[in-house]
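Asker: Here's a sequence, model it:
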Amino acid sequence: MSSTEFFSEAKRLGLKLNLSGEGPSPMHTLDNEALFQLPLLAMTILAISKGRSKPELPEIGQLVGECLERTVAGFKGSSQDIGWSGNLRIRTIKALTFLEATGQVTIDKMTREISATDLGKKVYSGAVVGESLLAHSMKTIELSYQYIRDEARVRGEVN
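Answerer: Numbering: from 1, shown residues only. A predicted model of the protein is given here:
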């Protein structure tokens with residue numbers, strides 16, 4: 001059914017949406033800027049939490065920033081250190097909250113490690129199929145995360 005057919009049928013049936021504008025707003029509302037970045041940040045969190053080396057909750061903002069800095073051409077060699085960006089960390093937590101609320105990640109209460117669930121892994125796998133720009137970017141983010149972990153291991157910061 002095309003959109004024209006849909007609206008014609010809705011008009012014929014007399015369908016209407018009654019929106020009062022009253023009542024409580026959702027707890028986790030997002031502004032336009034955060035909405036634009038939420039999918040990328042959520043996919044980045046899924047990319048780094050699906051493997052064997054799980055990110056810990058306190059370091060997720062820094063890791064997402066470092067992965068994006070190594071992946072996105074505009075940030076490579078930039079004087080900005082987006083890993084320390086307060087706005088990025090806030091948006092990363094909003095993306096993490098979304099992923100947790102939708103059952104795509106879990107956070108272990110004891111270790112505070114973030115793990116992608118089977119649903120999260122399925123969503124991520126669907127996004128990286130083929131040769132799209134998103135698939136290429138996510139695979140590059142995965143590699144960046146592995147390099148970050150390897151570098152930390154060499155420095156003796158990761159078990």
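Asker: could you pull out the strands for the protein?
Answerer: Applying DSSP state E to the chain gives strands spanning 105-107, 114-116.
Asker: residue ranges with poor pLDDT in this protein?
Answerer: Counting by pLDDT under 70, the chain shows low-confidence ranges at 1, 19-36, 73-85, 157-159.
Asker: Any idea which residue is closest to the centre of it?
Answerer: By CA atoms, centre = their mean, the chain has its centre lying nearest to residue 42, at 0.8 Å.
Asker: Isn't that residue up against residue 100?
Answerer: No. In this structure, residue 42 is not within contact of residue 100 by CB atoms under 8 Å, at 10.5 Å. For glycine as for every other residue, the C-beta is placed from the backbone atoms N, C-alpha and C.
Asker: so residue 147 touches residue 70, yeah?
Answerer: Yes. Here residue 147 reaches residue 70: they are 7.3 Å apart, a contact under CB under 8 Å.
Asker: Comparing the two, which shows the higher neighbour count?
Answerer: Higher neighbour count among residue 147 and residue 70: residue 70, with 17 against 13, using other CB atoms under 10 Å.
Asker: and that one, what does it touch?
Answerer: Taking CB atoms under 8 Å, 6 or more residues apart in numbering as the criterion, residue 70 is in contact with 76, 140, 144, 147, 148.
Asker: Switch the residues you listed over to CSV; also include distance to residue 129.
Answerer: CSV is the format used below for these (distance: CB to CB, whole Å):
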residue, distance to residue 129
76, 26
140, 16
144, 20
147, 24
148, 25
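Asker: Write a ChimeraX command that selects only the buried members of those.
Answerer: The following ChimeraX command selects only the buried members of those, with burial defined by 16 or more other CB atoms under 10 Å:
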select :144,148
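Asker: Show me the contacts of residue 70 that map onto helices.
Answerer: Those of the contacts of residue 70 mapping onto helices are 140, 144, 147, 148, per DSSP state H.
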